[in-house]
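Visitor: no sequence on this one, just coordinates:
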DNA sequence: CTCGGGATGCGT
DNA sequence: CGCATCCCGAGG
């Protein structure tokens, strides 16, 4: 695998990389979504460490947000979304692909941020520009549902602040959701080549 | 229990 | 645009 520009930059900053604290996630979901851009998703399995830089996300705003799974209420499936912030919500969609979310805000708020795309930094194979592709490349599946992101094997970290512009727009694949479909709850790094649908 | 549909991705 | 492929949640 090539020593990519992103990996080179990451190695330079490696000593300063810090795991995001619980308080990061325990804030307004749209704010968390925007601030997740540029952060590093890190997953260690065995002796392999996979790293991707988050470049595209979507915010899902709790029980009243029609496309949010928590809009169905508290069920076995959505229980994680109603739980404390800083945990993962991973589910299988269309029987094929996995999607990864980060639970936000206080317990009971039932909000989350969907990770839609990452830029490969380390040990990622295949495409990463979509929620299902991202999970495949990062080795993420339902076994990681409910995982605490303050753990040492699966977490999100920040490095030195990187300058970029953020683009916002309607979420993908929720056209059925009336006025909720029109809200600009999707955010991505402007000009980044790994965004799913620029 | 059955059944309809989905925060996707890929091929036609 | 069709379809893979399975889980979920609603309804009987």
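Guide: Structure's in. What do you need? Small disclaimer: the values here were computed from a predicted structure and weren't measured. Numbers count the residues shown, from 1 in each chain, chains lettered A, B, ... in the order given.
Visitor: got any ranges where chain A has weak pLDDT?
Guide: Within chain A, the ranges that satisfy pLDDT under 70 run A:1-3, A:10-15.
Visitor: What is the neighbour count of the residue of it found nearest DNA strand C?
Guide: When you check chain A against DNA strand C by Cβ to the nearest atom of the strand, the closest residue turns out to be residue A:95, at 2.6 Å. All C-beta atoms are positioned from the backbone trio N, CA, C, and that covers glycine. When counting by other Cβ atoms under 10 Å, one arrives at 5 neighbours for residue A:95.
Visitor: Quick check on it: phi, psi?
Guide: In this entry, residue A:95 is assigned phi and psi values of phi 70, psi 0 (degrees, to the nearest 10).
Visitor: for it, what are its contacts?
Guide: The contact partners of residue A:95, taken as Cβ atoms under 8 Å, 6 or more residues apart in numbering, number zero.
Visitor: how far away is it from residue A:47?
Guide: Note on residue A:95: its distance to residue A:47, by Cβ to Cβ, to the nearest Å, is 31 Å.
Visitor: repeat for residue A:5
Guide: Distance, residue A:5 to residue A:47, using Cβ to Cβ: 25 Å.
Visitor: who's more crowded, those two?
Guide: Neighbours of residue A:5 and residue A:47, each counted by other Cβ under 10 Å, are more numerous for residue A:5; the result is 10 against 5.
Visitor: Ramachandran coordinates for that one?
Guide: As for residue A:5, its main-chain torsions (degrees, to the nearest 10) stand at phi -60, psi -40.
Visitor: Could you do residue A:31 as well?
Guide: Residue A:31 has phi and psi values of phi -70, psi -50 when expressed as degrees, to the nearest 10.
Visitor: roughly how far apart are it and residue A:172?
Guide: 21 Å.
Visitor: What of residue A:144?
Guide: The separation that residue A:144 has from residue A:172, given Cβ to Cβ, amounts to 22 Å.
Visitor: Please say which of the two ends up with more neighbours.
Guide: More neighbours surround residue A:144 than the other of residue A:144 and residue A:172, with 18 against 15 (other Cβ under 10 Å).
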